[in-house]
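J.: Generate coordinates for the sequence data below:
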Amino acid sequence: MRPIIEFCTNNMHHGTAKLMQQLEQNPEYDVIEYGCLGNCGECYLAPFALVNGEIVAAATAEELEAAIQLKIKEIEDMLDLFKDE
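T.: Purely as a prediction, here's the structure:
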């Protein structure tokens, strides 16, 4: 299953636009930009994205990239556990 990574247009002032464009180049991800994700408090404070519906936030866009990769790894590991059962 391909991870769905969602970005808020209103969060781009934190530098997430470049990250979103970079992730869009990876064919293993579905990257979507919305006008609003309904997380205005989070959006105002820090760079964030939703990964399969879960908020992933960090202090900088660079740290957000690492946090997104970590969340994707966690999801993949969880899916692998269920495959083995």
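J.: Where does pLDDT dip in the chain?
T.: The chain contains residues with pLDDT under 70 at 84-85.
J.: repeat that for 80
T.: Within the chain, the segments meeting pLDDT under 80 span 1, 39-42, 81-85.
J.: residues making contact with the lengthiest helix in the chain?
T.: For the chain, the helix that runs over the most residues, judged by DSSP state H, is helix 61-84. Residues outside helix 61-84 that contact it (C-beta atoms under 8 Å, 6 or more residues apart in numbering) are 1, 3, 5, 14-16, 18-19, 22-23, 29, 47-49, 51-52, 54, 56-58. For the C-beta atoms, the positions are set from N, CA and C on the backbone; glycine is no exception.
J.: Of these, just the buried ones, ChimeraX syntax please.
T.: Entered in ChimeraX, the line below selects the buried ones among the contacts of helix 61-84, by 16 or more other C-beta atoms under 10 Å:
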select :3,5,14,16,19,23,29,47,48,49,51,56,57,58
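J.: and the contacts of helix 61-84, which of them are in helices?
T.: Applying DSSP H to those, the entries found in helices are 16, 18-19, 22-23.
J.: what's the spacing between Cys8 and Met20?
T.: Applying C-beta to C-beta, to the nearest Å, the value for Cys8 to Met20 is 10 Å.
J.: Neighbour count for these two, which is higher?
T.: Ranked by neighbour count (other C-beta atoms under 10 Å), Cys8 and Met20 place Cys8 first, with 23 against 20.
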